[in-house]
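Participant: A structural model of the following input is requested.
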Amino acid sequence: MSAGTAEGDDPADAVRERLLSEHGALFDAVDAVADAVAARWENPGSDDDGTADGPPVTADRDAVVPAMRDALAAADLLDRLPATLATGANALGVDLPASPVPTPPYLVVTATGPVVRATFPDRGRLVISVRVFDVDRDGDAPAYRRVDADAREALTVELR
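Facilitator: Below is the predicted model of the structure:
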């Protein structure tokens, strides 16, 4: 049994719960940034009453990845995201092998949102993802959409 987890608990679930309790405001802020980024995209159409027919969508990857990274930086969130790794390590009862910084390999902003990760010698890799966007690859070009969930719901924790 690891420090910070009860016997029988899934370690990834324990990390996720700790992250939500200690960094909830951070995830709410990531959610607000994702909303602001998606608000710049086109709306796929509208109903007869003029309301949006669906979430905003873009085929422009630059309107997603660099825009999200820039918006996270402007909101001072890039520097705060690596702290989630220390919280995750604490929940697992392990130490971080190095101080994470807001650059690869610790932090990347992907087409689906920010991802932080660290490798622990005896526990493998901890990957924390906030999937705020979806990528639909069914058409001729990828279509990026804001997910229909807030960042707290979109938070995933994996131990690989």
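Participant: what are the phi and psi angles of the residue nearest the centre of the chain?
Facilitator: When CA atoms, centre = their mean is applied to the chain, the residue found nearest the centroid is Val130 (1.7 Å). Torsion angles at Val130 (phi, psi; degrees, to the nearest 10) stand at phi -120, psi 90.
Participant: so what pLDDT did it get?
Facilitator: Here, the pLDDT recorded for Val130 equals 97.
Participant: for this structure, what spans make up the helices?
Facilitator: All helices of the chain, identified by DSSP state H, fall at 11-38, 65-74, 83-92, 151-154.
Participant: weakest of those by average pLDDT?
Facilitator: Across the helices of the chain, helix 151-154 has the smallest mean pLDDT, namely a mean of 92.
Participant: returning to what we had before: list the contacts of the closest residue to the residue nearest to the centre of the chain other than its chain neighbours.
Facilitator: Distance criterion CB to CB, 6 or more residues apart in numbering; nearest residue to Val130, sequence neighbours excluded, is Gly113 at 4.6 Å. C-betas here are computed from N, CA, C, even on glycine. Going by CB atoms under 8 Å, 6 or more residues apart in numbering, Gly113 touches 30, 34, 68, 129-133, 151, 154.
Participant: List just the nearest of these to Thr58.
Facilitator: Phe133 (9.5 Å; CB to CB).
Participant: so the closest one bridges to which residues?
Facilitator: Arg146 (DSSP bridges).
Participant: so who does it touch?
Facilitator: Phe133 touches 34, 38, 64, 68, 111-113, 144-147, counting by CB under 8 Å, 6+ apart.
Participant: Now with 6 Å, please.
Facilitator: Taking CB atoms under 6 Å, 6 or more residues apart in numbering, we find Phe133 in contact with 112-113, 144.
Participant: Tell me how many other residues surround the nearest residue to Pro102 once chain neighbours are set aside.
Facilitator: Leaving aside its sequence neighbours, Pro102 sits nearest to Leu78 (CB to CB, 6+ apart; 4.3 Å). By the criterion of other CB atoms under 10 Å, Leu78 has 19 neighbours.
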